[in-house]
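# Give me a model of this one.
(one chain, ligands or ions: 1)
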Amino acid sequence: MSSNNESIGKTLGVVVGLCLVCAVVVSVASVQLRPLQKANKAQDVQRNILAAAGFNDVTNVEEMFGQNIEARVVNMETGEFVEQDHTTFDFESTKFDAKRSFKLDKADDKAGIQRMTDHSPVYLSKDASGQVSTIILPIQGYGLWGIMYGFIALDKDTETVKAIKFYKHNETPGLGGEIENPKWTATWVGKSLPITLVKGTAGTDKHKVDGLSGATLTSVGVGNTVDFWTSNKGFGPFLANVRNGALN
Ligand SMILES: Cc1cc2nc3c(=O)[nH]c(=O)nc-3n(C[C@H](O)[C@H](O)[C@H](O)COP(=O)(O)O)c2cc1C
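Numbers count the residues shown, from 1 in each chain. Just a heads-up that it's a prediction; the model follows:
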């Protein structure tokens, strides 16, 4: 025997009401958590910059970053510093801001990123005497499955690699995903630009790094990414200015 509480109208009413309540809860949570997510993302980027600068196992990321890293913004065409707030650069979204970026010609787009920003942050790490010892450049480029985001740290000679780190990518764990493996990234340390990724043994050749076995396509992507960002289409003009004393 059916009671009033089991009518189709009431059932639908409860379902719709529950859906509305859930939708409101999810929306409010999403909006309220957004600033926290943004802050966490910014902190993760800072943690990777610190790691590229040689500061590992950092507990207070913000404090360490503030104390040890100077963030500057560079005009990519002239390679000169400009007075802009580096925090307004979100590596992934700025290149889609039509006012701050442009489309790359295919022939110029070795990293497969399609669009390029007019400006970019660079990060400078100083030694105990206050001299810049490491230049950390953000890099991004296509692997096998998508864009890989990372940093390359160069000595102030602008050629010697001090570190390479990838903090976000879609490469397959165990294959292309090994770009994050500290054992592999350690093989870059001390190598000198330009760098070719080779199958087999790079040995002590300072311009060669072993490609990842079973992940040649990702390795080629990493090589192209580093080539692009250190070329005149990337940070080349800035690195030339550094060689001419821009940091002195
Ligand atoms: C499911 C699957 C995932 C793969 N993921 C990657 C990858 O992330 N990066 C990569 O370079 N190759 C990946 N490969 C392998 C490539 O297709 C290709 O065989 C490889 O890059 C060749 O490298 P090798 O010459 O060192 O063997 C994957 C293959 C399969 C079947």
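# Show me which residues of the chain sit near the ligand.
Within reach of the ligand by C-beta under 6 Å from any ligand atom, the chain has these residues: Leu144, Trp145, Glu171, Thr172, Leu175, Gly176, Ser213, Gly214, Ala215, Thr216, Leu217, Thr218. No exception for glycine: its C-beta is placed from N, CA and C like everyone else's.
# For the ligand, see how far away Lys162 is.
Lys162 is 25 Å from the ligand, where distance means C-beta to the nearest ligand atom, to the nearest Å.
# Which of the three states applies to that residue?
Classification of Lys162 by DSSP: H, G, I helix; E, B strand; the rest coil places it in strand.
# before we move on, the earlier item: which two of the residues of the chain next to the ligand have the greatest separation?
Maximum pairwise distance in these, criterion C-beta to C-beta, is 17.8 Å, between Trp145 and Ser213.
# Pull the contacting residues for Pro182.
With contact set as C-beta atoms under 8 Å, 6 or more residues apart in numbering, Pro182 has no partners.
# higher neighbour count, Trp145 and Ser213?
Higher neighbour count among Trp145 and Ser213: Trp145, with 15 against 11, using other C-beta atoms under 10 Å.
# longest helix anywhere in the chain?
In terms of residue count, the longest helix belonging to the chain (DSSP state H) is helix 8-52.
# packing partners for that helix?
Packed against helix 8-52, as judged by 3 or more C-beta pairs under 8 Å, 6 or more residues apart in numbering; DSSP states H and E, are the following elements: helix 61-68, strand 69-75, strand 132-142, strand 147-155, strand 161-168.
# Reformat these as TSV; add mean pLDDT and mean neighbour count.
Output for these, formatted as TSV (pLDDT from 0 to 100; neighbours: other C-beta atoms under 10 Å):
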stretch	mean pLDDT	mean neighbour count
helix 61-68	93	15
strand 69-75	96	18
strand 132-142	97	22
strand 147-155	97	22
strand 161-168	96	21
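# Kindly reformat those as TSV and extend each row with distance to Glu180.
What follows is these, written out as TSV (distance: least, C-beta to C-beta, whole Å):
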stretch	distance to Glu180
helix 61-68	18
strand 69-75	21
strand 132-142	14
strand 147-155	9
strand 161-168	6
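# which stretches of this protein have low pLDDT?
1-4 (pLDDT under 70).
# can we see that at 80?
Counting by pLDDT under 80, the ranges of the chain that qualify are 1-6, 28-31, 33, 35, 91.
# what's the residue of it found nearest the ligand in contact with, if anything?
Residue of the chain nearest the ligand, by C-beta to the nearest ligand atom: Gly176 (2.6 Å). With contact set as C-beta under 8 Å, 6+ apart, Gly176 has these partners: Gly143, Leu144, Trp145, His169, Leu212, Ala215, Leu217, Thr218, Ser219, Gly221.
# which element is the residue nearest to it when sequence neighbours are not counted on?
Spatial nearest neighbour of Gly176, chain neighbours left out: Thr218 (3.1 Å); criterion: C-beta to C-beta, 6 or more residues apart in numbering. Assigned by DSSP states H and E, Thr218 belongs to helix 216-230.
# Pull the residues that contact that helix.
Residues outside helix 216-230 that contact it (C-beta under 8 Å, 6+ apart) are 109-113, 137, 139-144, 148, 150, 152, 164, 166, 171, 175-176, 179, 193-197, 199, 211-212, 234-236, 239.
# again, 7 Å this time
110-111, 137, 139-144, 148, 152, 171, 176, 179, 193-197, 199, 211-212, 234-236, 239 (C-beta atoms under 7 Å, 6 or more residues apart in numbering).
# Likewise for stretch 60-79?
Outside stretch 60-79, the residues touching it (C-beta under 7 Å, 6+ apart) are 43, 46-47, 49-50, 53, 55, 58, 80-82, 84, 86, 117-125, 237-238, 240-241.
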